[in-house]
Each structure stands twice: as C-alpha cells, then as structure tokens.
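coords below, sequence missing:
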C-alpha cells in the first residue's frame, strides 16, 4: 500500500513543481550556453586530428591515406609503386572500420611480388591531395 501512496504524492507534487518554472522562461542565458560550446573551429579540429594521426604509420586505420572520394583512391593507387619501382597489383576494396577521423574507411590489399600490404583510405577529404607514400612504397609523379 505504501508504493501507491508514494506514487500518488509524487503525481500531486509534479504540477506544483511545473508551475514554479513558467513555460517559455529562460533556463540558461545565451552567454552560458555559448560558453558550453566547443570553441575550436572545424579547421583547428582537423589540424589536431591530423597531428594525432601523423603519430601512426600512413595507410593504417589510425592514419589513413586521405583522398577525395573513390576517384581519389584510384588516382592514389595508380601513382603507388613498390620498392622496386614496379606498379603493385591491387586487390578488391574492403570496409576497414571507423578511422581516426571518425569516418568509415576502406582498405585495399596491395601486392608487390610475394609481399602483401594493407593500405587504408579515408575518402572524405576532397580538399587534400596526399603526397606521401606508406612505408615500403613510393609515389610516381
């Protein structure tokens, strides 16, 4: 019997609490709300993410090769060269998971002779053209 009595008291008390705060009454000032927002610009956030990613080897999930779309992936792979200078064989594109930039990454198996490497790409960087190659590879001009 005590539970229904407690529930009834809570229901009766709720309208009184609601009346204390009028509809439309400001609960937080605009200044306080602005102070709670992240003050970093998107460019600053991207620079911080790139700096953190650069601590890892290029072409990994922690530091994917940044390109602009599937065309950017293909263009980068077309320029990629094995240590011998030969063009590698490229296997099928596969999902690689969420990368350091918080986006879904893709990976390609890249075959140079008997060696196989996995190179991870983030295709959501239209403005970026990668000029570096993962370890053990070079880029043709």
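Received it, and whenever you're ready, just let me know what you need. As the structure is a computational prediction, the values presented were derived from the model and not from experiment.

tell me where this protein has strands.
Applying DSSP state E to the chain gives strands spanning 65-66, 80-81, 89-98, 104-112, 115-122, 138-139.

a markdown table for those strands, including mean pLDDT?
Below are the strands of the chain laid out as a markdown table (pLDDT from 0 to 100):
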| stretch | mean pLDDT |
| --- | --- |
| strand 65-66 | 98 |
| strand 80-81 | 98 |
| strand 89-98 | 96 |
| strand 104-112 | 97 |
| strand 115-122 | 97 |
| strand 138-139 | 97 |
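
in TSV, list the ones you listed along with distance to residue 39 and mean neighbour count.
For the C-beta atoms, the positions are set from N, CA and C on the backbone; glycine is no exception. As requested, the strands of the chain are exported to TSV (distance: least, Cβ to Cβ, whole Å; neighbours: other Cβ atoms under 10 Å):
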stretch	distance to residue 39	mean neighbour count
strand 65-66	25	24
strand 80-81	39	19
strand 89-98	25	12
strand 104-112	28	18
strand 115-122	25	19
strand 138-139	37	14
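
of all residues in the chain, which one is nearest the centre?
By Cα atoms, centre = their mean, the chain has its centre lying nearest to residue 102, at 1.7 Å.

excluding its backbone neighbours, what's nearest residue 118?
Nearest residue to residue 118, sequence neighbours excluded (Cβ to Cβ, 6 or more residues apart in numbering): residue 107, at 5.3 Å.

actually residue 128, sorry about that
residue 66 (4.6 Å).

equivalent analysis for residue 126, please.
Here the residue nearest residue 126, using Cβ to Cβ, 6+ apart, is residue 68, at 4.0 Å.

what is the neighbour count of that neighbour?
Neighbour count for residue 68, taken as other Cβ atoms under 10 Å: 17.

likewise for residue 135?
10.
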